[in-house]
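*Asks:* coordinates for the following, if possible.
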Amino acid sequence: MKFFKGFFIALQFFTAVPVRRELPMDAEHLGKAVQAFPLLGMFQGIIYAVLLYLLKEFTPFSHLAVAFFLWLVTILLTGGIHLDGWIDASDAYFSYGSKEKRLEIMKDPRTGAFGVLSVIVLLSCRLFFIFEITENSSLLTFVFIAAIPFFSKCVMGVLLVKVPSAKKEGMAAMFQQAVSPKLVLIYPVFIILFTALVVFLNEKVIGVLILLLAAASCYLLCRRKALNWFGGITGDVLGASVEGTEIVLWMTLWLLHYFVMD
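*Replies:* The predicted structure is shown next:
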């Protein structure tokens, strides 16, 4: 029961899905929320995959329209919370100031030119990758699309418990004070179960391994940059890590369609 409450806490914090109930915010339930991050990502990914299937099979829409609707849902489902982190972190990074100055910039509610430009590039790349990936989709395409937010939420969870917070307040600090590194030991179990699903479907496991390697590389890069640029993680840095990981995974899946899944 506590795990399910943790899932709904994560759903309430990181998506636009209305959760119309008061949930406990004690340390134990916040810890369960962190454990449920991968399942939250899989929930998002299943929505993407099902939507893509319904649009392709049961509507007269063009391929461009189908790709656009899927792209739009990837934004709307999260309520833009991770995109906000991407914008703020981009503004802070491109200021080329000190760590303290960058943290101050991320607090500023105003959006700078670099934040606007970075989110335009990010969303344009995502639309391009979605368009090309879904042009000749197979069962494996649907499975791997579901895996993209699954892996990105794994990266977010590991960053949260493994990288110190840059501030003593904020969402990241609130979660971090309630969790321990042991909580993410359940993540490999989720990954193994997902890999077993791909094997059950008689599909190519190499694709899972490549996506996992890409996600692990994103974790190492995000960890290093968070420490070097900001002195640790913040809510905005975590949001940026999710968006950055997902665009790398979309790109990886796009490349897989050319070199592995053809």
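*Asks:* buried residues, the helix or strand where residue 172 lies. List them.
*Replies:* Assigned by DSSP states H and E, residue 172 belongs to helix 171-176. Residues 171, 172, 173, 175, 176 are the ones in helix 171-176 that count as buried (16 or more other CB atoms under 10 Å). Quick note: C-beta positions are derived from backbone N, CA and C, even for glycine.
*Asks:* any idea how far the closest residue to residue 75 other than its chain neighbours is from residue 176?
*Replies:* Leaving out its chain neighbours, the residue that sits closest to residue 75 by CB to CB, 6 or more residues apart in numbering is residue 83, at 6.9 Å. In this view, residue 83 and residue 176 are 22 Å apart by CB to CB, to the nearest Å.
*Asks:* ok now the helix or strand of the chain with the lowest mean pLDDT, how far from the chain's centre?
*Replies:* Across the helices and strands of the chain, mean confidence by mean pLDDT, DSSP states H and E is lowest for helix 171-176: a mean of 77. With CA atoms, centre = their mean, to the nearest Å as the basis, helix 171-176 stands 17 Å off its chain's centre.
*Asks:* and the very next helix or strand once past it, what does it pack against?
*Replies:* The element immediately downstream of helix 171-176 (helix or strand, assigned by DSSP H and E) is helix 187-200. The contact analysis (3 or more CB pairs under 8 Å, 6 or more residues apart in numbering; DSSP states H and E) places helix 187-200 against helix 37-58, helix 139-162, helix 205-225.
*Asks:* pull the number of nearby residues for the residue nearest to residue 75.
*Replies:* Neighbourhood size, residue 83 [other CB atoms under 10 Å]: 21.
*Asks:* wouldn't it be in contact with residue 119 here?
*Replies:* Yes. Contact status for residue 83 versus residue 119: in contact at 6.1 Å, counting by CB atoms under 8 Å.
*Asks:* show me the shaky parts of the stretch 101-250 of the chain.
*Replies:* 202-203 (pLDDT under 70).
*Asks:* circling back to that earlier point, elements contacting the least confident helix or strand of the chain?
*Replies:* Contacts defined by 3+ CB pairs under 8 Å, 6+ apart place helix 171-176 against helix 27-35, helix 139-162, helix 235-259.
*Asks:* what separates stretch 175-183 from the chain centre, distance-wise?
*Replies:* 19 Å.
*Asks:* then the helix holding residue 172 to CSV, C-alphas only?
*Replies:* Provided in CSV are the C-alpha atoms of helix 171-176 (Å, rounded to 0.1, in the frame of the first residue of the first chain):
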residue,chain,number,x,y,z
MET,A,171,12.3,19.8,-4.1
ALA,A,172,15.5,17.9,-4.6
ALA,A,173,16.6,18.6,-1.1
MET,A,174,13.2,17.5,0.3
PHE,A,175,13.4,14.1,-1.4
GLN,A,176,17.1,13.7,-0.7
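*Asks:* quick one: residues contacting the residue nearest to residue 75.
*Replies:* 75, 119, 122, 123, 239, 243 (CB atoms under 8 Å, 6 or more residues apart in numbering).
*Asks:* please check those residues and keep the buried ones.
*Replies:* By 16+ other CB under 10 Å, the contacts of residue 83 give 119, 122, 123, 239, 243 as buried.
*Asks:* biggest separation within those, which pair?
*Replies:* Maximum pairwise distance in these, criterion CB to CB, is 14.4 Å, between 123 and 239.
*Asks:* show me which residues of stretch 116-127 are buried.
*Replies:* For stretch 116-127, by 16+ other CB under 10 Å, it's 118, 119, 122, 123, 126, 127.
*Asks:* could you identify the most distant pair in those residues?
*Replies:* Maximum pairwise distance among the buried residues of stretch 116-127 (CB to CB): 15.2 Å, between 118 and 127.
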